[in-house]
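> predicted model follows, preceded by the sequence.
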Amino acid sequence: MLDAVSVFEDLSPLPPQDPPITTSLDYEGDDVAPGSASAEIPDAAACRERTDVILRGPSHGNPFVDVELTATFTLGDTTIRVGGFYDGGGVYRLRFLPPTTGRWAFTTASTARSLDGVRGAVDVGESDAPGPVRVDGRGFVRSDGTPFVPLGTTSYAWTHQPEELQQETLRSLAGAPFNKLRMALFPKSFLFNSTEPERFVFERDAEGAWDTTRFDVEYFARLERRIDDLAASGIEADVILFHPYDRWGFGALGAAADDRYVSYVVRRLSAFPNVWWSMANEYDLLTSKRREDWDRLAGLVVANDPVRHPLSIHNWVEIFDYSADWATHASIQGGGREMAQSVAKWRTRWNKPIVVDEFGYEGDIDQGWGNLTAEEVVRRFWEGTLQGAFLTHGETFWRDDEVIFWAKGGTLRGESLPRLAFLRELVEGVPGGRIEPLPSDWDFVTGGRDGYALTYFRDARPRFRTVRVPQNMRAKIDMIDTWAMTVEELPGIHEGDVRVDLPARPYIAVRVRAVD
């Protein structure tokens, strides 16, 4: 048995790795006055909205690695440390997401004399922006207190496609029910993914190899436009930092390059309110990295993200131990048809939000993970949701040009979409805007909270059901067809045990709502 198990873990020695690069302490000579770089400070900024302070500084050598820049923003007793980054052409940015209104004073610190000791202040006014998402117990909430229930979808390489296709993707997402999108920074090389992107995270050197000490600032400018486009449609960008589907060598760059990449990305993107971090998609297929590597890299995310966006990691087979301090929530592939039972165990084990980011895809390709029916997708969403989990959708419908939404984006066309929108509307109507698992009968799951209960009969076909209204409560009872998206209210106000006649067809739910 041990011999059989051993083949699943690659214990071969890692290849030689480049050493870390130390920032240059003599990058600028003593003839350069400290704090002499010009600063562009916005006339006004808004609470919970991204703002940039721009410094015009030196560009000789390689500022990506030669210069370290930070700033401390202070308001009263609150201090926020922001990591700066080089954006090419002598431009350095300090990107800040102010959590409150007021005059935020800042002071820079840098290994480059001209960038060290620059002082200024940013006046931050009111805003109706809801702000970034935070973990709230085993659920999520925005920083302004608004409940947030992630209903996600997937398009791993959509930002690596031609501009016209990216715009088509945005138009489709704007009309879809989703408020979170899983997407990768590195391009993908896998089934139905052979497109060579125009730009990459890194620049190339004179021989055409990746120069991991220099970042392609135009690639990031385009990426940032896409993240802003998602925000305009109310969608969180769940940014995947690493994945194994790679023909370019990005999965095995070595620790020094990995650290540099993660730190730069997080400094650039952490002030975007609608960002989440995923350390990896299918981390256990990245055999060049060990558990200590993931802990180190996640530590860099935490250190460089003053906003503290949601942070997790996604598995292939071996589910990660989400008791790690840095993991804010679980991001799980798995569960299958009986996912709801697994959700209950995961919630108990980690006491964190459970996001099932991959359970299969609605589609018709030849892969078992990519040909679920819409009915099965909706069924899994309902059962997982009533158990207190948050699920992520994806589509893998075949096209001759291999534009499949799960990878490249395009136009969503699955039959599950309106049914998931219907489910989202029902969840938003729950008191507090979130469903918790409730005591259930042995055969069907019930979820809700505060005088609101939904029982889902999945693909069973009961002709009637006895519904128990809790003691000392009067309630309305509704029969919901989750596939036809209809709600039929039973006449009257009910107490005690109530026989509810049902249509003896699949995908029916019963709702009990307390009345005064």
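Thanks, I have the structure now. Numbers count the residues shown, from 1 in each chain.

> any weak-confidence spans in the protein?
Applying pLDDT under 70 to the chain flags residues 1-16.

> now do the helices in it.
2-6, 63-66, 163-174, 217-232, 255-269, 291-304, 339-350, 374-386, 405-408, 416-428 (DSSP state H).

> name the residues of the last one that come out as buried.
Looking back up the chat, that one is helix 416-428. 416, 417, 419, 420, 421, 422, 423, 424, 426, 427 (16 or more other CB atoms under 10 Å). C-beta: built from backbone N, CA, C; applies to glycine.

> what's the local residue count around residue 443?
10 (other CB atoms under 10 Å).

> what sits against the closest residue to it other than its chain neighbours?
Leaving out its chain neighbours, the residue that sits closest to residue 443 by CB to CB, 6 or more residues apart in numbering is residue 460, at 7.8 Å. By CB atoms under 8 Å, 6 or more residues apart in numbering, residue 460 lies in contact with 443, 444, 506.

> quick check: the residue lying closest to the last one once chain neighbours are set aside vs residue 352, distance?
Ranked by CB to CB, 6+ apart and with sequence neighbours excluded, the top spatial neighbour of residue 506 is residue 459, at 4.3 Å. Look at residue 459 and residue 352: by CB to CB, to the nearest Å, they are 30 Å apart.

> tell me which of the two has more neighbours.
residue 352 (19 against 10).

> so that one touches residue 328, yeah?
Yes. Between residue 352 and residue 328 there is a contact at 7.0 Å, judged by CB atoms under 8 Å.

> any shared contact partners between the two?
Counting by CB under 8 Å, 6+ apart, the shared contacts of residue 352 and residue 328 are residue 135.

> for the residue sitting nearest the centre point of the chain, list the residues it contacts.
The centroid of the chain falls nearest to residue 238 when counting by CA atoms, centre = their mean (2.3 Å). By CB under 8 Å, 6+ apart, the contact list for residue 238 reads 152, 180, 181, 182, 183, 276, 278, 357.

> so which of those residues comes closest to residue 76?
Comparing the contacts of residue 238 against residue 76 with CB to CB places residue 276 closest, at 29.2 Å.

> would you reformat the buried residues of helix 416-428 as TSV and include distance to residue 225?
Shown next, in TSV, are these (distance: CB to CB, whole Å):
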residue	distance to residue 225
416	29
417	25
419	32
420	27
421	27
422	32
423	31
424	27
426	34
427	31
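
> how about the contacts of residue 460 in CSV, adding distance to residue 194?
Shown next, in CSV, are these (distance: CB to CB, whole Å):
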residue, distance to residue 194
443, 47
444, 45
506, 39
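
> how far is stretch 428-436 from where the chain is centred?
Distance of stretch 428-436 from the chain centroid (CA atoms, centre = their mean, to the nearest Å) equals 21 Å.

> any idea how far apart the tips of stretch 273-283 sit?
Its first and final residues considered, stretch 273-283 spans 25 Å by CA to CA, to the nearest Å.

> and if you look at stretch 45-59?
Start-to-end span of stretch 45-59 (CA to CA) is 28 Å.

> just give me how far that stretch sits from the chain centre.
On CA atoms, centre = their mean, the centre of stretch 45-59 falls 24 Å from the chain's centre.

> quick check: buried residues in that stretch?
Within stretch 45-59, the residues that qualify as buried are 45-55, 57-58, counting by 16+ other CB under 10 Å.

> reformat these as JSON lines; add distance to residue 302.
Below are the buried residues of stretch 45-59 laid out as JSON lines (distance: CB to CB, whole Å):
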{"residue": "45", "distance to residue 302": "25"}
{"residue": "46", "distance to residue 302": "26"}
{"residue": "47", "distance to residue 302": "23"}
{"residue": "48", "distance to residue 302": "20"}
{"residue": "49", "distance to residue 302": "23"}
{"residue": "50", "distance to residue 302": "20"}
{"residue": "51", "distance to residue 302": "22"}
{"residue": "52", "distance to residue 302": "22"}
{"residue": "53", "distance to residue 302": "23"}
{"residue": "54", "distance to residue 302": "26"}
{"residue": "55", "distance to residue 302": "25"}
{"residue": "57", "distance to residue 302": "27"}
{"residue": "58", "distance to residue 302": "30"}
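
> so which of the helices of the chain is the most surrounded?
Neighbour counts (mean count of other CB atoms under 10 Å) averaged over each of the helices of the chain peak at helix 405-408, with a mean of 26.

> against which helices or strands is that one packed?
The contact analysis (3 or more CB pairs under 8 Å, 6 or more residues apart in numbering; DSSP states H and E) places helix 405-408 against strand 152-154, helix 163-174, strand 395-396.

> just the residues contacting the first one, thanks.
It refers to strand 152-154. Identification of contacts with strand 152-154 by CB under 8 Å, 6+ apart yields 173, 176, 178-182, 238, 355, 357-358, 361, 390-395, 405-406, 412.

> that's all I had, so thanks and see you.
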